[in-house]
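In: no FASTA, just this:
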């Protein structure tokens, strides 16, 4: 990860030369792996062009790339430090999001969410889903209990993230980052996540403070920054979710009417 400040990184992502170097395999919206900057000052990024988005019936307003940018603004305003720096800019296929790449290019040997045999659950980890292999052998989907991941769970509740898969979580220098927030910040409750381990538990004091910061920011400049990215109703729904989390002081629990875990879970 570059040692530049947040403002410097945002400026580099916005103004630096954007050069595709590959396509992200399995991406449903044509995501590209790119480099931004010159040979002496460049970083890897994920670029998602607006032109290659697949329309979603439950997110009819705005664009998914705008929600990627909005999620970063919310993460920054509350001090969650979950979303890597993300900007909107012109690219080789037109306007789209550009997000700093974090984590290794290869698979993480120590994932935060894993599929394990029932007798191999790491100490302290939470079980969120039971299943079986194609041969009928039992397996569990489990996730880490580390505090940084718990902060991600609170952030996801605030933005109404409907697609928190295990593969969207990355560890970097002790910080847990999340990516792929295009299907978040809707109005109707649609929280789908693999991070249900703390469901119903009291919020950590540090996460209460982050929510309080976010609530204050929504009464100031953050609302103006979100205005071109989300609808008025979506911003108001965000404000109400944050207020409810602050008031109740507990992690949300799954509710009926909407799948609680995304598919595939990883």
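Out: Arrived safely, thanks for sending. In this text the structure is predicted, and so the values were computed from the model without any measurement.
In: now the helices for the stretch 151-266 of the chain?
Out: 205-217, 221-226, 232-248 (DSSP state H, counting those that start in this stretch).
In: what does the first one rub up against?
Out: Residues outside helix 205-217 that contact it (Cβ atoms under 8 Å, 6 or more residues apart in numbering) are 74, 77-80, 147, 150-151, 154-155, 158, 203, 222, 239, 242-243, 245-246, 249. Heads up, the C-betas are built off the backbone N, CA and C, glycines and all.
In: list only those of those flagged as buried.
Out: Buried members of those, counted by 16 or more other Cβ atoms under 10 Å: 74, 77-80, 150-151, 154-155, 158, 203, 222, 239, 242, 245.
In: out of those residues, the closest to residue 51 would be?
Out: Of all the buried ones among the contacts of helix 205-217, residue 51 sits closest to residue 74, with 25.1 Å by Cβ to Cβ.
In: what's near enough to touch that closest one?
Out: Residue 74 neighbours (Cβ under 8 Å, 6+ apart): 80, 83, 155, 158-159, 185, 214, 222, 226, 238.
In: top strand in the chain by residue count?
Out: As assigned by DSSP state E, the longest strand anywhere in the chain is strand 41-49.
In: ok, it: who's next to it in the sheet?
Out: Its sheet considered, strand 41-49 pairs with strand 32-38 (antiparallel), strand 94-100 (antiparallel) by DSSP bridges.
In: mind listing what's buried in the first one?
Out: Buried residues in strand 32-38, counting neighbours by 16+ other Cβ under 10 Å, are found at 32-37.
In: closest to residue 139 among the contacts of residue 74?
Out: So of the contacts of residue 74, ranked by how close each gets to residue 139 (Cβ to Cβ), first place is residue 155, at 27.7 Å.
In: so what's the closest one up against?
Out: So residue 155 contacts 74-75, 78, 80, 82, 161, 178, 210 (Cβ under 8 Å, 6+ apart).
In: switch the cut-off to 7 Å
Out: 75, 80, 82 (Cβ atoms under 7 Å, 6 or more residues apart in numbering).
In: now render these as a markdown table, adding distance to residue 8, secondary structure and pLDDT.
Out: Shown next, in a markdown table, are the contacts of residue 155 (distance: Cβ to Cβ, whole Å; DSSP: H, G, I helix; E, B strand; the rest coil; pLDDT from 0 to 100):
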| residue | distance to residue 8 | secondary structure | pLDDT |
| --- | --- | --- | --- |
| 75 | 18 | helix | 97 |
| 80 | 20 | coil | 96 |
| 82 | 20 | coil | 96 |
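In: output those as a markdown table; include the columns distance to residue 169.
Out: Putting the contacts of residue 155 into a markdown table (distance: Cβ to Cβ, whole Å) gives the following:
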| residue | distance to residue 169 |
| --- | --- |
| 75 | 14 |
| 80 | 13 |
| 82 | 9 |
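In: what's the closest of those to residue 232?
Out: Nearest member of those to residue 232, counting by Cβ to Cβ, is residue 75, at 21.3 Å.
In: could I get the phi/psi values of the residue lying closest to that closest one once chain neighbours are set aside?
Out: Computed as Cβ to Cβ, 6 or more residues apart in numbering, the closest residue to residue 75 that is not its neighbour in sequence is residue 83, at 4.0 Å. Per-residue torsions, residue 83: phi -90, psi 130 (degrees, to the nearest 10).
In: need the pLDDT of residue 83.
Out: You'll see residue 83 listed with a pLDDT of 96.
In: what of residue 9?
Out: pLDDT, residue 9: 85.
In: now do the one 3 residues further on
Out: As predicted, residue 12 sits at a pLDDT of 89.
In: tally of neighbours for it?
Out: 22 (other Cβ atoms under 10 Å).
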